[in-house]
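here is a sequence with its predicted model. Questions after.
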Amino acid sequence: MSKTEITHPIGVFDSGVGGLSVLHAICKELPNESVTYFGDQRHVPYGLRSLEEVREYSKAITQFLFDQGAKIIVVACNTASAAALHFLRQEFPNLSFVGMEPAVKPAAENTHTGIVGVLATPTTFQGALYASVVERFANNVILLENTCPGLVQQIERGALDDNETRAILLAALQPMLGRGIDTVVLGCTHYPFVIPQIQKIVGPEVRVIDPAPAVARQTARLLDSAGRRAAGPKPGTVRFFTSGDANWFKVLLLKLIVETGEVSEVEWENSEIHLK
C-alpha cells in the first residue's frame, strides 16, 4: 500500500505536549482524518537546544512517523520549524510538510498601536524563518520579544495557572503593556494552553493570536490539493507516542485537550526511535 493513501494518518510532532494545541485544531478542521502524534518529552524543551540537535531529533521523528504511515507531516513546534523545516524538506523530498510560522503578519496587519508582543523560544527568535517573517511583514511595526524562560517546563508539568506560571507571564507581559502593545503573538505551541492566564494579564483590549487554526487550515489545503483528504462519515482516530512517560502523557491529554487515545512509549537508540 502506498504511503500516500488517503486513509493514512497525518503525522504531528512536537518537543512535548505543546503540539497538542495544533492537533486539537486539526481534529476540529479535519474530523475524518486519523492523526499520529509524537511528543519528544525526553528532549523537551527544544528551545534550549542547538540547531544541530533539533534537526537530528526532527529527522528521526519524521522517519518514525513516515514508518507509521504518515501521508503528511505537521511540525507542530515553532523551534523545530525554525531549526529544521527546510532541512526536513531536503531530507524527505517526497513528503509534504506544514510548519509553524510566528503569526507576525496578521499581527502587523491588524495592530492599531503599531506595537506587538511576541512570545517564543530563543531558537525561534534566532532562526531564519522568524527573521524572514519580520523582514517581509513587520517593517513598520515595533516587535517586543520575550522568551518566557521556564514556561514550557511549567506547561509540561501541567502547571497552567499556578503562581510560578503567572510570575513568568507577568515578567514577560507587563513591560510590553507599559509600552502599548495591543496584540500578543504566541510563537510556541505550548503557549496557547495558558491563553486564559495571558488574557487575565493583558485584558480584553489586547488580541492574543493562536496560530493553531491557521496551521490546521493549511494542512487541509495541502491534502485537498494533493487529493489525499479523507472523506466520509467515519471519524478519524488519534494515536499518541511519547519518548517520556505514557501515564503522565495520558494525564496531560485529559488536562490540556480532554482527549483520549492509545499512548505508546518509544525509546531513542543511536539517533533512531524504537517502540518499547
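Perfect, I can see it now. Numbers count the residues shown, from 1 in each chain.

from the chain's centroid, how far away is the helix or strand of the chain with the lowest mean pLDDT?
Across the helices and strands of the chain, mean confidence by mean pLDDT, DSSP states H and E is lowest for helix 122-126: a mean of 88. Helix 122-126 has its C-alpha centroid displaced from the chain centroid by 14 Å (CA atoms, centre = their mean, to the nearest Å).

wait, doesn't P9 sit right on E33?
Yes - at 7.2 Å, P9 counts as touching E33 under the criterion of CB atoms under 8 Å. In this view, the C-beta of every residue, glycine as well, is placed from N, C-alpha and C.

got the contact list for C188?
Residues in contact with C188, defined by CB atoms under 8 Å, 6 or more residues apart in numbering, are 18, 47, 78-79, 119-121, 124, 148, 151-152.

by contact count, what packs against the helix or strand that contains R136?
Per DSSP states H and E, R136 falls inside helix 128-137. If you count contacts as 3 or more CB pairs under 8 Å, 6 or more residues apart in numbering; DSSP states H and E, helix 128-137 packs onto helix 78-91, helix 104-110.

right, and R207 touches T183 too?
Yes - if you go by CB under 8 Å, R207 and T183 touch, sitting 4.8 Å apart.

with neighbour numbers in mind, choose between these two.
Using other CB atoms under 10 Å, the more surrounded residue of R207 and T183 is T183, with 25 against 18.

quick one, what contacts the more buried one?
107, 110-111, 116-117, 206-209.

check those and tell me the two furthest apart.
Farthest pair in these (CB to CB) is N110 and G117. Separation: 13.6 Å.

who's more crowded, those two?
In terms of neighbours (other CB under 10 Å), G117 is the more surrounded of N110 and G117; the figures are 26 against 12.

picking that back up, next helix or strand past the helix holding R136?
strand 142-146.

okay, now the sheet partners of the lengthiest strand in the chain, with direction.
For the chain, the longest strand by residue count, based on DSSP state E, is strand 262-269. Paired with strand 262-269 in the same sheet, following DSSP bridges, are strand 238-242 (parallel), strand 272-275 (antiparallel).

so which of those strands is nearest L85?
strand 272-275 (19.3 Å).

contacts made by stretch 106-122 with the rest, please.
45-48, 78-79, 102, 104, 125, 130, 137-138, 140-148, 151-152, 172-173, 176, 179-188, 191, 207, 209.

and the gap between I26 and A230?
Going from I26 to A230 by CB to CB, to the nearest Å gives 12 Å.

swap in G16?
Going from G16 to A230 by CB to CB gives 27 Å.

same deal with A80?
Applying CB to CB to A80 and A230 gives a distance of 25 Å.

who's more crowded, the two?
Using other CB under 10 Å, the more surrounded residue of A80 and A230 is A80, with 31 against 20.

name all residues that make contact with the more buried one.
With CB under 8 Å, 6+ apart, A80 has these contacts: 13-15, 46, 54, 57-58.

the closest residue to it other than its chain neighbours - how many residues pack around it?
Leaving aside its sequence neighbours, A80 sits nearest to S58 (CB to CB, 6 or more residues apart in numbering; 4.9 Å). When counting by other CB under 10 Å, one arrives at 26 neighbours for S58.

for L20, see how far away S58 is.
Taking CB to CB, one finds S58 at 18 Å from L20.
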